[in-house]
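S.K.: The sequence and its predicted three-dimensional model are supplied below.
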Amino acid sequence: MTATASQITILVDADACPVKDEIYRVADRFSAQVRVVSNAPFRVPVSERIKRVVVADTFDAADDWIAEQAGPHSIVITADILLAQRCLEAGARVLAHDGREFDQASIGSVIATRAIMADLRSGMDGIGGGPPPFSKADRSRFLQSLDRVLVNLR
């Protein structure tokens, strides 16, 4: 199903999202709506299409709001694997901050890997490095992926 650009909404899990500025630029080019969802207010560009959504500062409030809004005409930007799964089930397209697209075929293995890594980290007594730093290549891959998904939805 295709949608006009103004019917497409990009839902951003904004806490710790390193690509907000890129989202605003691409959304503007496609005239897409953007909802920037977080537990605390912060600045967003002044635009009729970009709205800040501040939810209660409770566990998963932002995720719940995003999942409730997600659907076939939305793109969700998140690094939260469980939120990605909920949004896929609602028919949304889902991108990670590094440009990886989650889909029904891949989400199960991503969730399994997440569980394995959590088990490994729990046995390391605080020793570990976390994910690699966000790179220019990640930013570029994200821009290409978001552009591709917006073209496909139109």
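M.R.: Arrived safely.

S.K.: Would you point out the helix or strand in this structure whose mean pLDDT is lowest?
M.R.: Every helix and strand of the chain was ranked by mean pLDDT, DSSP states H and E. The lowest is helix 104-122, at a mean of 62.

S.K.: Mind checking what helix or strand follows that helix in sequence?
M.R.: Note on helix 104-122: by DSSP states H and E, the next helix or strand toward the C-terminus is helix 136-153.

S.K.: and that following helix, what does it pack onto?
M.R.: helix 20-30, strand 74-77, strand 93-95 (3 or more Cβ pairs under 8 Å, 6 or more residues apart in numbering; DSSP states H and E). Bear in mind the C-beta positions are built from the backbone N, C-alpha and C, glycine included.

S.K.: buried stuff in the longest one?
M.R.: What that stands for is helix 20-30. 20, 22-24, 26-27, 30 (16 or more other Cβ atoms under 10 Å).

S.K.: Show me what the mean pLDDT comes to for the helix or strand that comes right after that helix.
M.R.: The C-terminal neighbour of helix 20-30 among helices and strands, as given by DSSP H and E, is strand 33-38. For strand 33-38, mean pLDDT is 97.

S.K.: Can you tell me which helices and strands strand 33-38 packs against?
M.R.: strand 9-13, helix 20-30, strand 50-54, helix 61-69.

S.K.: want to try a markdown table for those, with mean pLDDT and distance to Val37 as columns?
M.R.: Output for the helices and strands packed on strand 33-38, formatted as a markdown table (pLDDT from 0 to 100; distance: least, Cβ to Cβ, whole Å):
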| stretch | mean pLDDT | distance to Val37 |
| --- | --- | --- |
| strand 9-13 | 97 | 6 |
| helix 20-30 | 96 | 11 |
| strand 50-54 | 96 | 5 |
| helix 61-69 | 96 | 5 |
